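>>> need a 3D model of the sequence below.
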Amino acid sequence: MVMQAVMRALLQNQENIPQGSIHFRNGQVFYGVIQRLFPNQHAEIKMGVHKLIARLEVPLAAGKGYWLQVTSNEGAPRLKLLNSNPMSNNESTTNLLQQLGLSNDKVNQSLVRLLMNEHIFLTKEDIVNAVQLLKQSQNLEEGLQIIKLMSQRNLPYNEGVFKSLIASGNNDSTEHLLKTLQASLILEENQLDSTGKEILKLLKSWDVEILPNNRENALLLLKQSLQRTGIFYENTLLDSEQNHELLKESMKPLLVQFLQESQSIQSESKSIAEQLLFRMNGFQLLSSENGPIHHLLYEIPIKLGDYPSEIAMQWSGKRTEDGKINSDFCRIIFYLDLEHLKETMVDMQVQNRIVSVTILNSSEELKNLSTDMLPAVISGLKELDYRLSSINFKTPDNYNKQDSKKNRYHSKQSYNGVDIRI
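Numbers count the residues shown, from 1 in each chain. Below is the predicted model:
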């Protein structure tokens with residue numbers, strides 16, 4: 001489906017967030033290429049977007065690549081040369097696995113090639129853990145991309161994080177998993193504990209609620225869905241002003257409790273609940289801070305009239321000094337599954353409360369159909385102290401051609417001039 005394809009693209013776009021300076025850890029292994037040699041045994045080493053100046057204690061050749069390992073991170077970091085002679089990629093991969101005492105199998109080879117090509121820094125322990133995670137993955141290439149994302153986000157290489165990121169990009173949407181969980185709980189209703197019954201009660205109440213489709217009710221449903229999914233419940237626990245009793249009516253904390261109470265039980269409901277929780281956690285992990293820029297990504301089910309749907313939202317912008325979202329300057333992208341228009345994307349950019357909107361949909365008639373609604377949009381924004389500057393309508397083909405010419409997040413090259421000894 002188009003919606004799931006968009007979500008996978010979102011996950012890939014998250015990888016392009018620019019990285020900061022290098023922070024070495026003892027035992028990290030990485031692949032670097034000698035760019036230039038300088039007097040007094042110094043050289044410039046390039047590792048992806050990073051460059052550093054190092055003092056050489058062994059002769060190296062310009063233009064060649066080497067495997068290096070951090071042996072000391074106190075004062076001027078020290079790097080151990082793992083292969084003294086330049087080798088072909090295959091030879092270099094085999095050599096590193098031998099150096100680390102790892103078997104020369106397909107999974108290990110693929111991971112080492114990822115480290116080389118993507119300039120990823122991992123310790124031997126990280127590599128061993130990453131290999132174990134990859135062996136659990138049904139798709140090796142997908143698993144490698146998740147390992148890459150984990151390294152860029154400095155996330156721990158554990159099963160929970162890995163499965164959460166996998167779940168955030170798969171074809172089972174949050175709305176679909178909720179429906180499937182409800183059907184499974186109904187079949188197992190006689191065997192459910194109190195938490196399972198609470199989850200089923202919440203799902204049933206969510207399923208029957210229908211409100212007239214207007215702006216006020218749409219906003220109310222959106223707020224209710226955020227509260228009912230409980231995707232930000234960890235933050236609520238830390239906020240003493242929040243009503244913690246509401247957590248009992250939220251899906252995510254109920255799922256956590258349900259899985260804790262059924263650790264020794266194998267059931268279809270437990271498996272679905274686990275996948276749903278992984279997906280919720282995955283979106284939370286994809287949300288990030290990059291210096292002053294914050295990225296928030298989530299997916300919630302919602303009913304538009306009697307049509308069950310979902311909204312995926314990506315927000316990028318800065319926070320104010322008191323930690324609140326700066327609504328004057330931001331970018332918000334909505335992915336909607338509508339009853340008649342089907343998959344629709346709304347890309348809204350706000351600069352000093354001036355709003356420009358791009359609507360992506362496969363219908364060529366959407367622009368004409370929306371003409372009568374534009375005055376209400378302009379008026380509604382004006383009530384909120386915003387001014388609409390433009391609305392553009394595009395089909396997926398036209399949007400992709402233009403969007404491919406620019407990166408949503410621009411990579412920046414960092415340069416370290418520390419005194420590093422090899």
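
>>> when you work out contacts or count neighbours from here on, use the C-alpha atoms and nothing else.
Will do.

>>> so residue 195 touches residue 256, yeah?
No - at 9.8 Å, residue 195 does not count as touching residue 256 under the criterion of CA atoms under 8 Å.

>>> and those two? Which one has more around it.
residue 195 (18 against 14; other CA atoms under 10 Å).

>>> how are the strands of this protein distributed by residue range?
29-38, 42-47, 50-55, 65-72, 78-81, 288-290, 293-304, 307-319, 325-338, 342-351, 354-360, 387-394, 414-421 (DSSP state E).

>>> which one of those strands lies nearest to residue 224?
Closest of these to residue 224 is strand 293-304, at 8.9 Å (criterion: CA to CA).

>>> ok, and for the closest one, which residues are buried?
Of the residues in strand 293-304, 294, 295, 296, 297, 298, 299, 300, 301, 302, 303, 304 count as buried by neighbour count, 16 or more other CA atoms under 10 Å.

>>> by pLDDT, rank those residues and give me the bottom one.
Lowest-confidence member of the buried residues of strand 293-304: residue 304, scoring 75 (pLDDT).

>>> relative to residue 101, how far out is the nearest residue to that residue once chain neighbours are set aside?
Computed as CA to CA, 6 or more residues apart in numbering, the closest residue to residue 304 that is not its neighbour in sequence is residue 213, at 6.3 Å. For residue 213, the distance to residue 101 equals 63 Å [CA to CA, to the nearest Å].

>>> repeat for residue 275
Separation of residue 275 from residue 101 (CA to CA): 35 Å.

>>> what does residue 173 give?
From residue 173 across to residue 101, the span is 41 Å (CA to CA).

>>> how many residues are close by residue 332?
18.

>>> ok, what's across the strand from it?
Residue 332 forms beta bridges with residue 315, residue 348, as assigned by DSSP bridges.

>>> these two touch, right, residue 346 and residue 315?
No - checked against CA under 8 Å, the pair residue 346 and residue 315 is beyond contact range at 11.9 Å.

>>> joint contacts of these two?
Listed as contacting both residue 346 and residue 315 by CA atoms under 8 Å, 6 or more residues apart in numbering are residue 333.

>>> worst-scoring helix or strand of this protein, pLDDT-wise?
Sorting the helices and strands of the chain by mean pLDDT, DSSP states H and E puts strand 414-421 at the bottom, at a mean of 45.

>>> ok, back up a step: any idea how far residue 269 is from the residue nearest to residue 304?
32 Å.

>>> of these two, who's got more company?
Applying other CA under 10 Å to residue 213 and residue 269 shows that residue 269 carries more neighbours, namely 22 against 12.

>>> residues touching the more buried one, list them.
Contacts of residue 269 (CA under 8 Å, 6+ apart): 181, 184, 185, 188.

>>> of those residues, just the buried ones, PyMOL syntax please.
In PyMOL, a selection of the buried entries from the contacts of residue 269 looks like this (16+ other CA under 10 Å):
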select buried, resi 181+184+185
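
>>> which one of the contacts of residue 269 is nearest to residue 360?
Minimum distance to residue 360 across the contacts of residue 269 is 31.5 Å, recorded for residue 181 (CA to CA).

>>> pull up the per-residue confidence for the closest one.
Residue 181 carries a pLDDT value of 96.

>>> thinking again about what came up before, out of residue 275 and residue 101, which sits in the more crowded spot?
Set residue 275 next to residue 101 and count neighbours by other CA under 10 Å: residue 275 wins out with 21 against 10.

>>> next one, pLDDT for the residue nearest to residue 304 please.
pLDDT at residue 213 comes out at 73.

>>> tell me the phi and psi of residue 59?
The phi/psi pair for residue 59 (degrees, to the nearest 10) reads phi -70, psi 130.

>>> okay, now it: neighbour count?
10.

>>> which residues of this structure score low on pLDDT?
1-21, 75-76, 86, 207-212, 234-248, 289-291, 398-422 (pLDDT under 70).

>>> residue 252 versus the closest residue to residue 347 other than its chain neighbours, what's the distance?
Once flanking residues are discounted, residue 347 sits nearest to residue 333: 4.5 Å by CA to CA, 6+ apart. Separation of residue 333 from residue 252 (CA to CA) stands at 24 Å.

>>> how many residues are close by residue 80?
Other residues close to residue 80 by other CA under 10 Å number 16.

>>> pull up the gap between it and residue 220, please.
Using CA to CA, residue 80 is found at 59 Å from residue 220.

>>> from residue 51, how far out is residue 36?
Using CA to CA, residue 36 is found at 11 Å from residue 51.

>>> those two: which is more packed in?
Remark: of residue 36 and residue 51, residue 51 carries more neighbours, 21 against 14, as counted by other CA under 10 Å.

>>> so what's the more buried one bridging to?
For residue 51, the beta-bridge partners under DSSP bridges are residue 46, residue 415.

>>> isn't it up against residue 45?
Yes - with contacts counted by CA under 8 Å, residue 51 reaches residue 45, the gap being 5.6 Å.
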